[in-house]
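Peer 1: A predicted structure for the sequence below; I have some questions about it.
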Amino acid sequence: MEANIQKAVDIILNSKYTIAFTGAGISVESGIPPFRGKDGLWSKYDPNVLDLGNFQLNPIESWKVIKEIFYDFFGAAKPNAAHFVLAKMESMGLVKALITQNIDNLHYEAGSKEVYEFHGNSRMLVCPYCSKKIVAAEIDLTKMPLCNECHAVLKPDFIFFGEGIPEMAYRKSFEAAGKADVVIIIGSTGEVYPAANIPPLAKHKGAKVIEINPEKSLFTETITDIFIQGKASDVMQKLLNGINQKI
Ligand code: APR
């Protein structure tokens with residue numbers, strides 16, 4: 001077993017409260033591109049599509065693009081080995097909570113239960129006026145979706161730029177970070193706040209930080225104790241194999 005995988009396995013097996021913190025990178029092998037970087041979503045689409053003011057001014061045009069990216073494209077994606085290993089580790093009692101910046105539902109689809117969706121989710125649509133929530137899969141998105149109570153334009157239940165973090169996810173994420181003795185960061189640049197404050201908070205309280213990413217991130221030189229360079233699915237499978245060899 002590679003030395004840093006071995007170290008990570010020992011740390012996880014000796015931990016009382018390991019949390020995972022995931023970003024777009026964990027879903028790359030499910031076919032969902034990351035946001036940033038050369039092949040990132042924001043090199044193809046105008047990030048303005050997630051600007052609340054723009055959405056309110058141009059809802060029909062905005063919904064066409066939102067449907068294409070977040071429902072047609074993301075909607076076809078399936079969880080990969082990294083999502084499944086995290087769910088398995090939770091069921092083994094080795095991961096207590098999973099904080100994700102992703103809105104793609106793949107952690108739930110893989111079977112994780114204690115998931116805090118820090119940026120919301122695409123599963124539901126929400127009415128900005130009466131707050132009614134509707135399952136997106138039950139709505140015909142070829143037309144701009146309207147609330148059947150107050151007829152306002154529905155919005156995906158994930159946050160647009162400048163919107164606040166969903167209250168419950170925010171509270172639970174920071175609570176979990178405060179309790180954690182190990183954080184596994186998978187596939188996040190650490191560029192987006194306040195999410196990027198979560199691993200440093202845990203580190204500050206004494207947690208060990210294991211990071212998995214093919215590239216260095218803003219976390220790597222600042223808070224990471226063990227950097228495992230590689231793709232999420234490869235590394236997570238190696239971690240699980242290492243764990244299984246030791247228990
Ligand atoms: N396995 C693991 N990590 C990977 C892989 C892979 N196969 N492929 C790429 N990565 C890494 C990249 O090296 C990068 O560090 O995933 C990271 C993706 O970075 P971002 O696209 O910036 O994603 P993230 O940090 O989750 O962005 C945060 O930005 O636009 C917002 O709300 C959006 O939640 C998102 C937030």
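Peer 2: Structure's in. What do you need? Numbers count the residues shown, from 1 in each chain.
Peer 1: switch to C-alpha atoms for all contacts and neighbour counts from now on
Peer 2: Noted.
Peer 1: export stretch 226-233 as PDB, just CAs?
Peer 2: C-alpha atoms of stretch 226-233 as PDB (Å, rounded to 0.1, in the frame of the first residue of the first chain):
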ATOM      1  CA  ILE A 226      -1.800  14.200   4.000                       C
ATOM      2  CA  PHE A 227      -2.200  15.000   0.300                       C
ATOM      3  CA  ILE A 228      -3.100  12.100  -1.900                       C
ATOM      4  CA  GLN A 229      -2.700  13.100  -5.500                       C
ATOM      5  CA  GLY A 230      -5.100  11.300  -7.800                       C
ATOM      6  CA  LYS A 231      -8.600  10.900  -9.000                       C
ATOM      7  CA  ALA A 232     -11.400  10.600  -6.400                       C
ATOM      8  CA  SER A 233     -12.600   7.200  -7.500                       C
END
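Peer 1: any idea of the mean pLDDT in that stretch?
Peer 2: Mean per-residue pLDDT for stretch 226-233: 98.
Peer 1: what distance separates it from the centre of its chain?
Peer 2: 16 Å (C-alpha atoms, centre = their mean, to the nearest Å).
Peer 1: what's in contact with the host helix or strand of Leu86?
Peer 2: Assigned by DSSP states H and E, Leu86 falls within helix 81-91. Under the criterion C-alpha atoms under 8 Å, 6 or more residues apart in numbering, residues 26, 95-97, 106-107, 110-113, 232-237, 240 lie in contact with helix 81-91.
Peer 1: helices of this structure, residue ranges please.
Peer 2: With DSSP state H, the ranges of helices along the chain come out as 3-13, 41-44, 52-57, 59-66, 81-91, 106-110, 167-179, 198-204, 232-246.
Peer 1: will you turn these into a markdown table that also has mean neighbour count?
Peer 2: Shown next, in a markdown table, are the helices of the chain (neighbours: other C-alpha atoms under 10 Å):
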| stretch | mean neighbour count |
| --- | --- |
| helix 3-13 | 17 |
| helix 41-44 | 13 |
| helix 52-57 | 14 |
| helix 59-66 | 18 |
| helix 81-91 | 21 |
| helix 106-110 | 19 |
| helix 167-179 | 18 |
| helix 198-204 | 20 |
| helix 232-246 | 17 |
